[in-house]
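Engineer: sequence? don't have it. structure:
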């Protein structure tokens, strides 16, 4: 299956890296590309479309936009589930680890590094967002989201990833059952399950501050996009305006039928 | 013995986090789920219909003033979000077997079961197919187990059609199980 439970929360959040949009993509263009949510298995970077299957990544050239042309297929590993990009890097989440690829000038991904989750204190069901220097991870052991995890650990953890091969945890913040997480600049958005949406100022990575909380609903997934925040819950899709961080407010709600 | 126990714990921990079906012993009649197949041969027909209720939300996607909401394996809901205080549901695109989507410069790329399809959405009122890579995916690599599910299930047989979902059923010696 192209999406599956284990990395769901991982990919939930990993996908939000896309909010960096086209910055620094290898083939800069004036193209207008959308921003995907957490369950995406398609990713457009510059003039290339990347799609993943359980085991592979395929690269298509969008030179003729109506007729994507397959230019590369590579095997990644098993249980591949999510793809997201930051600058010219592709991060591919699987059930057992995270793979990092560099996009070459010809658009074809080149393997850079990987870390298995057993080498990194992140479980496959933990969402991650990152910028160049820090990764924000919501660790969640509620409801046995990932069985085999015996410790109860529900928190936002911050890792220094300056050395991508040696992430170092530098701070944590206790939460009740965090799921999706999003990042925009120095603002981190966390879906804390039944406690709703929590918004943090992370300017100081060693002393992060909860600046706003919206409760009364369950939040799974969040996508920040140019001041507009899409929050996915089991009953509704919510939109919030966060263009003024001092006045974040809900602007609309779309009902999801049972 | 203790070592064996730890080995079991480790294997259990691994298996529980790896979503792969595996062969199991005979269990007789047992509750489980089975795939719902779409068996008509028009599964490649992609078309726009009136707005539909969101039932099994998958992915969401922002593009320009629109929100695309994936209805798992069925298609894509389109909302006009020109006024974020009043998003308006305007259309539904039927795309069987759909899971992935991405948009660039007025072209929406989607998967339609085993195919990769390009839809021209420059004019949102005239969405139409402009390209298709047939057999882009190997059907064996798709939908071979139910997600968000733990228990017995009837193994997928791609030859039977496009999977549209799963339903509860009493199974006779199912060959597939998911931790």
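Structural biologist: It's in. None of these values were measured; they are calculated from a predicted model.

Engineer: what sits against residue A:43?
Structural biologist: A:18, A:36, A:49, A:50, A:51, A:83, A:84, A:85, A:90, B:102 (C-beta atoms under 8 Å, 6 or more residues apart in numbering or on different chains). C-beta here means a position set from N, CA and C on the backbone, and glycine is covered the same way.

Engineer: thought the fourth one was touching residue A:59?
Structural biologist: Yep, that's residue A:50 we're talking about. Yes - if you go by C-beta atoms under 8 Å, residue A:50 and residue A:59 touch, sitting 5.8 Å apart.

Engineer: need the residues touching each of those two.
Structural biologist: residue A:109.

Engineer: show me what counts as buried in stretch A:99-118.
Structural biologist: Residues of stretch A:99-118 classed as buried: A:99, A:100, A:101, A:103, A:107, A:108, A:109, A:114, A:115, A:117 (neighbour count, 16 or more other C-beta atoms under 10 Å in any protein chain shown).

Engineer: return the helix or strand in chain B with minimum mean pLDDT.
Structural biologist: helix B:2-17 (a mean of 36; mean pLDDT, DSSP states H and E).

Engineer: tell me how far the closest residue to residue A:67 other than its chain neighbours lies from residue B:149.
Structural biologist: Leaving aside its sequence neighbours, residue A:67 sits nearest to residue B:131 (C-beta to C-beta, 6 or more residues apart in numbering or on different chains; 4.4 Å). Using C-beta to C-beta, to the nearest Å, one obtains 34 Å as the distance from residue B:131 to residue B:149.

Engineer: and what of residue B:55?
Structural biologist: In terms of C-beta to C-beta, residue B:55 sits 17 Å off from residue B:149.

Engineer: what do you get for residue A:48?
Structural biologist: For residue A:48, the distance to residue B:149 - C-beta to C-beta - is 34 Å.

Engineer: cool, and residue A:209?
Structural biologist: 40 Å.

Engineer: returning to what we had before: just the buried residues of stretch A:99-118: which are in strands?
Structural biologist: A:99, A:100, A:101, A:103, A:109, A:114, A:115 (DSSP state E).

Engineer: adding pLDDT, write those residues out as CSV.
Structural biologist: What follows is those, written out as CSV (pLDDT from 0 to 100):
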residue, pLDDT
A:99, 83
A:100, 82
A:101, 89
A:103, 95
A:109, 97
A:114, 77
A:115, 66
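
Engineer: which of those residues lies at the shortest distance from residue A:65?
Structural biologist: residue A:103 (18.6 Å; C-beta to C-beta).

Engineer: for chain A, just list every one of the helices.
Structural biologist: Ranges of helices within chain A are A:8-14, based on DSSP state H.

Engineer: which residues touch the spatially most distant residue from the centre of it?
Structural biologist: Taking C-alpha atoms, centre = their mean, the residue of chain A most remote from its mean C-alpha position is residue A:64, at 29.1 Å. Residue A:64 sits next to no residue when contact means C-beta under 8 Å, 6+ apart.

Engineer: can you tell me the SS state at the residue most central in space within chain B?
Structural biologist: Central residue of chain B (C-alpha atoms, centre = their mean): residue B:73, 3.9 Å from the mean position. Secondary structure, DSSP: H, G, I helix; E, B strand; the rest coil: residue B:73 is coil.

Engineer: my guess is it contacts residue B:161. True?
Structural biologist: No - applying C-beta under 8 Å as the test, residue B:73 and residue B:161 come out as separate, 11.9 Å apart.

Engineer: was I right to think residue A:181 contacts residue A:155?
Structural biologist: No - Residue A:181 lies out of contact with residue A:155 (C-beta under 8 Å); the separation is 11.5 Å.

Engineer: which one's more surrounded, those two?
Structural biologist: Per other C-beta atoms under 10 Å in any protein chain shown, whichever of residue A:181 and residue A:155 has more neighbours is residue A:181, with 28 against 17.

Engineer: who's that one bridged to?
Structural biologist: With DSSP bridges applied, residue A:181 shows beta-bridge pairing to residue A:190.

Engineer: so how far is residue B:131 from it?
Structural biologist: 35 Å.

Engineer: what's the answer for residue A:241, then?
Structural biologist: 37 Å.

Engineer: can you list the domains in chain B?
Structural biologist: B:2-38+B:139-178, B:47-133 (automatic domain parsing).
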